[in-house]
Structure formats: structure tokens, C-alpha cells
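Undergrad: with the input below, show me the fold.
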Amino acid sequence: MSLPVAILAGGLATRLGDVTARRPKALVEIAGRPFAEHQIVLLRRHGIHEIVFLVGHLGEMVRDAIGDGTRWGIRVRYVFDGPRPLGTGGAIRNALPALGRRFFVLYGDSYLECDYLAVARAFAESGRPALMTVCLNDNRWDRSNVRFEAGRIAAYDKSGRTPGMRHIDYGLGVFTSEVFEAYDADRAFDLAAVYQDLLARGDLAGLDIPGRFYEIGSPAGLEETRIHLSGTLNRR
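TA: Residues are numbered from 1 along each chain as shown. Below you'll find the model as predicted:
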């Protein structure tokens, strides 16, 4: 099963300081190419054929640099926030006409070397309208924010973390469009609030992903990802 991927790429990236003062985070150069190209190549390798970038701040630069995906043999489109930021949840709500009935959501600063087709299968088999991927973190790569027990998400909270939280939101989710249709179209809201609403209703499936994630949302994460991707390219 191949689903489209919505990439959240509309943030201001203030944690990266001067690195993103004049260019969007998606175009930060890593190992000789923009970060977004690394994401596209990885997704293409895992059978993804359609990507929708959800952009806001400096989004025109992303569109002009990446294009329509022809050079990778896939389809790439763009949905803009509009006159004001919509937040991660609002951006997805705004993009529903371009995403179809079921879709992945990937954070724009995440590089996730997982089996995307296996995640899609787990979502379909769960019978739930949404699935969050998690990984065992133990506060190694960021502060843990998920309690994952017996194959299910028991708690998720980015601000009220507890000692029982050993996992972390891995950065990849799968959703049906109905999840976001329940929210106002013209309101800004965060994807984390959507996850918490789903969890409260018993509508959120979970999948533990082995291994770790890479991200460029912080200076330390950016440097780790540079080292990892440079090493990966040199080994090919």
C-alpha cells in the first residue's frame, strides 16, 4: 500500500538561528544537497510516489528549489498556509483536498529510516483512524513523551512528561482525512493536540519502530544528521 506523504515544512525554525534566517529549514544544505532532497530520495526508496509539502514561511523557495518531483520520478505538490500560520494541525486540515482519504504525515525536520510500507500495513490492520509511530528513547535523543505498554500508547504529552515515558513520538503518523475534518478549517492548532484528542477517545494506534530517528530541528540534531548522511553517502 503506497500512501501520499504530507511533509510539515511551514515552521519558522527559530532554534537554528542564522542558519535559517534567509532560507527555510527544508533547504538547509547537508552533504551537498538540500535536506528536503534527502527526505525525497529516502521516501522514493521506500516506495512513496506522491509528496505534498505543507509550507508557509519562505515556502516559495522550497517550491522553486524542489519542483514537481519529475527528476525523482514522483509527484511533488505544495499547499501554502495562506495569510497566517495555521500550526501543524491546521496546515494538515488546510491540505486535505490534496491528500485524499489516507495519508502519512512526516515532520519537515525528520529523517526516518523505517519501513514505510510496513507502517501503512500496521495502520490498515489496526482498524483505527490514526497511528502514531514511536521509538524507545529513554531521553537519549530528546525528552521522552510517550508511555508505550503492551503494544499500545497509554499516554502522550509533550509538556507533562512522567518517569514512565520511555518512548518518544518518532515523527511519522498515518491518518484518515476524517480525523482533521472534525476541526475548524480556519483555526490554527497543533498536531500534538490532535494526537491527544485521539488518545482520549481510544482512536489512536501505536507502532514501535526499532532504531533511532535523525532530525535537524536543533543545532545538535543538525550536526548529528550531517555526520550520518555524509557517512551514508560516502559508503555508497
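
Undergrad: tell me where the chain has strands.
TA: Remark: strands assigned in the chain by DSSP state E are 5-9, 29-30, 33-34, 50-55, 75-80, 102-107, 110-111, 130-136, 146-149, 152-156, 167-176, 204-208, 214-215.

Undergrad: mind checking how far residue 8 is from residue 25?
TA: Here residue 8 is placed at a distance of 10 Å from residue 25 (CB to CB, to the nearest Å). From N, CA and C alone the C-beta is placed, and that goes for glycine too.

Undergrad: rewinding a little: make TSV from the strands of the chain and add mean neighbour count to it.
TA: Formatted as TSV, the strands of the chain follow (neighbours: other CB atoms under 10 Å):
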stretch	mean neighbour count
strand 5-9	26
strand 29-30	16
strand 33-34	17
strand 50-55	24
strand 75-80	18
strand 102-107	22
strand 110-111	22
strand 130-136	23
strand 146-149	21
strand 152-156	18
strand 167-176	24
strand 204-208	21
strand 214-215	20
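
Undergrad: do you know which of these lies nearest residue 87?
TA: The closest of the strands of the chain to residue 87 is strand 5-9. By CB to CB, the value is 9.7 Å.

Undergrad: can you give the contact residues for that closest one?
TA: By CB atoms under 8 Å, 6 or more residues apart in numbering, the surrounding residues in contact with strand 5-9 are 24-26, 36, 39, 43, 48, 50-55, 59, 62, 88, 91-92, 95, 99, 103-108, 191.

Undergrad: now it: average pLDDT?
TA: Confidence for strand 5-9, expressed as mean pLDDT, is 97.

Undergrad: direction included, what does it pair against?
TA: As defined by DSSP bridges, the strand partners of strand 5-9 come to strand 50-55 (parallel), strand 102-107 (parallel).

Undergrad: pLDDT on the longest helix seen in the chain, on average?
TA: Across the chain, the longest stretch assigned as helix under DSSP state H is helix 219-234. What helix 219-234 shows for mean pLDDT is 87.

Undergrad: kindly report the same for stretch 102-122.
TA: Across stretch 102-122, pLDDT averages out at 96.

Undergrad: now for residue 8 and residue 25: what residues contact both?
TA: Common contact partners of residue 8 and residue 25 (CB under 8 Å, 6+ apart): residue 108.

Undergrad: mind exporting the C-alpha coordinates of the longest helix of the chain to CSV?
TA: Coordinates of each C-alpha in helix 219-234 appear next as CSV, following Å, rounded to 0.1, in the frame of the first residue of the first chain:
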residue,chain,number,x,y,z
PRO,A,219,21.9,22.7,16.2
ALA,A,220,22.9,19.4,17.9
GLY,A,221,20.5,17.4,15.8
LEU,A,222,21.6,19.2,12.6
GLU,A,223,25.2,18.3,13.3
GLU,A,224,24.3,14.6,14.0
THR,A,225,22.3,14.4,10.8
ARG,A,226,25.2,16.0,8.8
ILE,A,227,27.6,13.3,10.1
HIS,A,228,25.1,10.5,9.5
LEU,A,229,24.1,11.5,6.0
SER,A,230,27.7,12.3,4.9
GLY,A,231,28.8,8.8,6.1
THR,A,232,25.9,7.2,4.4
LEU,A,233,26.7,8.8,1.0
ASN,A,234,30.4,8.0,1.3
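
Undergrad: follow-up on the earlier one: any chance of the strands paired with strand 5-9 in JSON lines, with distance to residue 114 too?
TA: As requested, the strands paired with strand 5-9 are exported to JSON lines (distance: least, CB to CB, whole Å):
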{"stretch": "strand 50-55", "distance to residue 114": "16"}
{"stretch": "strand 102-107", "distance to residue 114": "10"}
